[in-house]
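Based on what follows, work out the 3D shape:
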Amino acid sequence: MNGMKSRRIVLVLLVFTLLLIKLTAQVTVVKGVVVDSGSRKPIAGVSVYFKGGRGMATDSLGQFEIKTSSGSAKVIVSFIGYKSLQFTVPKGKEQLLNIEMGLDPAFTSNVTVTTNKRAKYSNRNNPAVELIRKVIEHREKNKTSSYDYVEYEQYEKIQAALSNASDKLTNSKLLKKYNFLFENRDTSKIAGKSLLPIYLEENLSQQYLRKSPENTKSIILGQKKVNFGSYVDNDGLSTLLKRLYENINIYDNDIPVFAYQFLSPIANSAPNFYMYYIRDTITDNEGVKLVKMYFTPRNTNDLLFRGTMYITLDGNYGIQKINMFLSKNANINWVKELHIDLDFEKGTDQRYHLIKSNLMADMGLSKSKSSGGFFGERTVSYKNFTINQSRPDSFYSGEPIVNISGNEKLADSFWMSKRHEQLSSSEAKVYSNIDSLEKMPSFRRTMAMVTLLFAGYGSVGPFEIGPVNAFYSFNPVEGFRLRFGGRTTPSFSKRIYFETYGAYGFKDERWKYFLSATYSLNNKSIYTFPLNYIRISAQSDTKIPGQDLEFVQEDNFLLSFKRGNNERWLYNKAYQFEFVKEFKNRVSYSVGIRNWNQQPAGILAYTKIQNNIPVQVPSITTTEFNASFRWAPKEQFYQGKVYRIPIFNKYPIFTLNYAAGVSGLLGGTYNYHRFDLRAEKRFYLSRLGYADATMEGGYILGQVPFPLLTIHRANQTFAYQLNSYNLMNFLEFVSDRYASFTWVHHFMGIAFNRVPLLKKLKLREVASFKILYGGVRDENNPNLNPALFQYPKTNNITTTFALDRNIPYMEGSVGIENIFKILRVDLVRRFTYTHLPEVSPLGIRTRFRFDF
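As a prediction, this is how the structure comes out:
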């Protein structure tokens, strides 16, 4: 009995030992980079595998990592056109294997005759195209959004670096203080490039998606990023980088990169724009057969990719891996290199889901790869992918993004344990390096100079002087005009802010001024989202009737140059109180009261008829209550020193304004109600580029003189203005009701890319059309009501008109943009009301724009 018991114990121990040996079997890991032995450039798509086992293909940077627990210790490396290699590696260890591949003489010894003509390619009877159509057919099923429920952990890392900074610069005596930055270079990430990290941001979140009703929930577990101090909008910088380096979903028709839409190689229409070639058939680590397929644009100037994808032959026709890069001829500015790598993993339902995406771009003024520039990278990895695990409706209620309290102040130990992959030594030093840099007085002085140059404000203690581009200007009424002003900063007070300026015109010999006091209700800067403040202000200054500019002051020096007659001005005196409130969901509103006195200036006069005699009225005063409501879902922007610079996306923006004039209050002389509604949206049209559409409408109730009607935005400068009518004169048209539509279409070189001589210049087509319906009711028509102000005249010729309700104002333009990468030139044509005085039916307008 004891012997049998002993044998059982021995048998149990033997089985346990065998299991232990099996479970603790050592894994052989081999990773490294494959490069061309001649050019030293990485080779993408190289097959690297254990002999008799499984392997993988290198990514766009030539990188690979393979593992095995079997007995094989031989690694095979092969690629068409190169000599195959075989290496013996030690078992049960991790080894770095950097491989140089040489060309196969069998491919190079033959005489090759080349021609400029491309080999004939056809989609018909093409097995590669037939396979791609299978991928397209199964695309919706392979999307993550096809599941009823999905949840996963997401780790995101965004970094920016200076690439190939010259030794002459980094060794300069002037920059000796910053040696600690220059010593932190990374030469291992990209072959042949030296990267100097300057920005790093990390985010860890738990993501939840529900298909029906569609909803998402993102719980931010941790976030950490470099802080450059008050000289930079750090949140805006983060938003900008995320917009440039967006999430990549290969199963979408269009892939956003640098705010443009690139056609996916597996989009519905992709076979019309891409060429496909089957290169090989391999087996992945799961034993699934894969087809290795190369794809390239039919026209290399189009916004398309080239690269290699691996397609599963398991009936799902999913993507197991894809490496893409941008053609050097693509019509996009400043980008020297762009790489996208996506890796997928088989899930419990045998379908492949994304486990890692990596987007890298090297940018610079020069296309030379050895020249200096700016490098950016966004890496997103996914863990714990769970499907069809339902959650109650209450879970998805509330805000779609939830920040865990204290998630910005987590200890280093949290990140050490939670990162999906650890930072490199150079990445890990970025936080401390930039923190040290931001505290250096010399850096702060440099940033102050940069801010003065680009934003127009210079810091002097707790004050900012500016904007400098408004210090000097000229116009027909004031002549030579000087202005000087500034404002306080949060270092003066986080609650109370003052802003002021004084200006003097040497022709009219009059002083102008502005003074405001603002109280922050949320103890944050009044220039930081979300706004929440009350403000009182007083202003006495000149203004062009109907001139409504975005992102520039009217006394900006560059706007001093105008065409035609430009002598109808106003002297304005305005006293205003306003309350402004913004919410994180991009809903905002404001309410206020304004007392406004308008005095005509220049050749403008307010004249009404009394007893058949013209009588000059020196000025008018109105007192109005006003309110504004704005909804901009998922709006993105960079907060500048004066204006918010929009980061455009596909979501619309709605704005509703209301004003009520009250006669008898604080000298007000008119009762009226004014309503204005504006809707604007950018449309991304894939291969047709993108377009900006704007619709506006307004209505005024009550009898008012023409200065209180809607004075339509006109433009007499030589710059093309997006929100104005570029061949309309100042104060040319007024309305008490109107509706307008504007369409500006950017075709992104769809035609020029196909013209041999033009495509090298990377020019782009642009066209616009603007239409405005309006009119004036009889009660506001001065021809029928002599007590109202008569429309202005020049040399006894009327120059202000009401629109005919049956004849809209229309203008259109065709132009070329991306001239020298920054200039746009439009030929503008006015289609209606060309018989009116001082009108030009044609005009040339220009616009400077820095864009990709």
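
The protein: helices as residue ranges?
2-23, 105-108, 127-137, 139-142, 167-170, 179-182, 234-244, 412-418, 425-428, 430-438, 441-454, 756-759 (DSSP state H).

From residue 308, how far off is the residue lying closest to residue 83 once chain neighbours are set aside?
Leaving aside its chain neighbours, residue 83 sits nearest to residue 104 (4.8 Å; criterion: CB to CB, 6 or more residues apart in numbering). Placement of C-beta: from N, CA and C, glycine included. In this structure, residue 104 and residue 308 are 19 Å apart, going by CB to CB, to the nearest Å.

what's the answer for residue 837, then?
65 Å.

higher neighbour count, residue 104 and residue 308?
residue 308 (22 against 14; other CB atoms under 10 Å).

What residues does the more buried one make contact with?
Contacts for residue 308 were tallied using CB atoms under 8 Å, 6 or more residues apart in numbering; they are 44, 45, 57, 279, 292, 293, 294, 295, 322, 323.

of all those residues, which comes closest to residue 767?
Closest to residue 767 out of those is residue 295 (31.4 Å), distances taken as CB to CB.

For the closest one, the count of nearby residues, please.
The criterion is other CB under 10 Å. On that basis, residue 295 has 22 neighbouring residues.

so it touches residue 279, yeah?
No: if you go by CB atoms under 8 Å, residue 295 and residue 279 don't touch, sitting 10.4 Å apart.

Would you mind listing where the stretch 601-750 of the chain has pLDDT under the threshold?
Judged against pLDDT under 70, the low-scoring parts of the stretch 601-750 of the chain cover residues 641-642.

Spell out the residue ranges of the strands in it.
In the stretch 601-750 of the chain, the segments counted as strands under DSSP state E, counting those that start in this stretch are 607-610, 613-616, 620-631, 637-639, 644-646, 653-661, 672-684, 690-701, 710-711, 733-735, 737-746.

Distance to residue 134 for the ones you listed - can I get that in TSV?
As requested, the strands of the stretch 601-750 of the chain are exported to TSV (distance: least, CB to CB, whole Å):
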stretch	distance to residue 134
strand 607-610	77
strand 613-616	80
strand 620-631	43
strand 637-639	43
strand 644-646	41
strand 653-661	41
strand 672-684	27
strand 690-701	31
strand 710-711	57
strand 733-735	58
strand 737-746	34
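
Tell me which of the ones you listed lies nearest to residue 804.
Distances from residue 804 to each of these were compared by CB to CB, and the smallest falls on strand 733-735, at 10.3 Å.

for the closest one, packing partners?
Identification of packing neighbours for strand 733-735 by 3 or more CB pairs under 8 Å, 6 or more residues apart in numbering; DSSP states H and E yields strand 710-711, strand 764-775, strand 801-802.

pLDDT weak spots in the stretch 401-550 of the chain?
Across the stretch 401-550 of the chain, the stretches falling below the confidence threshold (pLDDT under 70) are 548-550.

So which residues of it form strands?
In the stretch 401-550 of the chain, the segments counted as strands under DSSP E, counting those that start in this stretch are 401-403, 458-460, 463-465, 472-475, 479-488, 496-505, 510-520, 532-543.

would you turn the ones you listed into JSON lines with mean neighbour count?
Compiled in JSON lines, those are given as follows (neighbours: other CB atoms under 10 Å):
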{"stretch": "strand 401-403", "mean neighbour count": "14"}
{"stretch": "strand 458-460", "mean neighbour count": "16"}
{"stretch": "strand 463-465", "mean neighbour count": "18"}
{"stretch": "strand 472-475", "mean neighbour count": "18"}
{"stretch": "strand 479-488", "mean neighbour count": "17"}
{"stretch": "strand 496-505", "mean neighbour count": "17"}
{"stretch": "strand 510-520", "mean neighbour count": "16"}
{"stretch": "strand 532-543", "mean neighbour count": "18"}
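
Redo these as CSV? Include distance to residue 78.
Output for those, formatted as CSV (distance: least, CB to CB, whole Å):
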stretch, distance to residue 78
strand 401-403, 47
strand 458-460, 61
strand 463-465, 63
strand 472-475, 69
strand 479-488, 66
strand 496-505, 67
strand 510-520, 66
strand 532-543, 64
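
Minimum distance to residue 683: which of those strands has it?
Proximity to residue 683, assessed across those by CB to CB, is greatest for strand 401-403 (25.7 Å).

before we move on, the earlier item: to residue 254, which of the helices of the chain lies closest?
Comparing the helices of the chain against residue 254 with CB to CB, the closest turns out to be helix 139-142 (13.0 Å).

Check what contacts that closest one and list those residues.
Judged by CB under 8 Å, 6+ apart, the contacts made with helix 139-142 from elsewhere in the structure are 146, 251, 266, 316, 317, 318, 319, 351, 352.

tell me which of those residues is nearest to residue 692?
residue 251 (27.5 Å).

Just want the phi and psi numbers for that closest one.
The phi/psi pair for residue 251 (degrees, to the nearest 10) reads phi -90, psi -10.

May I have the beta-bridge partners of the residue lying closest to residue 279 once chain neighbours are set aside?
Once flanking residues are discounted, residue 279 sits nearest to residue 292: 4.6 Å by CB to CB, 6+ apart. Taking DSSP bridges, one finds residue 280, residue 310 as the beta-bridge partners of residue 292.

What distance do you get for residue 292 to residue 271?
Applying CB to CB, the value for residue 292 to residue 271 is 18 Å.

Buried ones among the contacts of helix 139-142?
Judged by neighbour count, with 16 or more other CB atoms under 10 Å as the criterion, the buried members of the contacts of helix 139-142 are 251, 266, 316, 317, 318, 319, 351, 352.

Just the ones in strands from those, please.
By the criterion of DSSP state E, membership of the buried ones among the contacts of helix 139-142 in strands covers 319, 352.

Widest-spaced pair of the buried ones among the contacts of helix 139-142?
Within those, 266 and 351 form the most distant pair, 15.4 Å apart (CB to CB).
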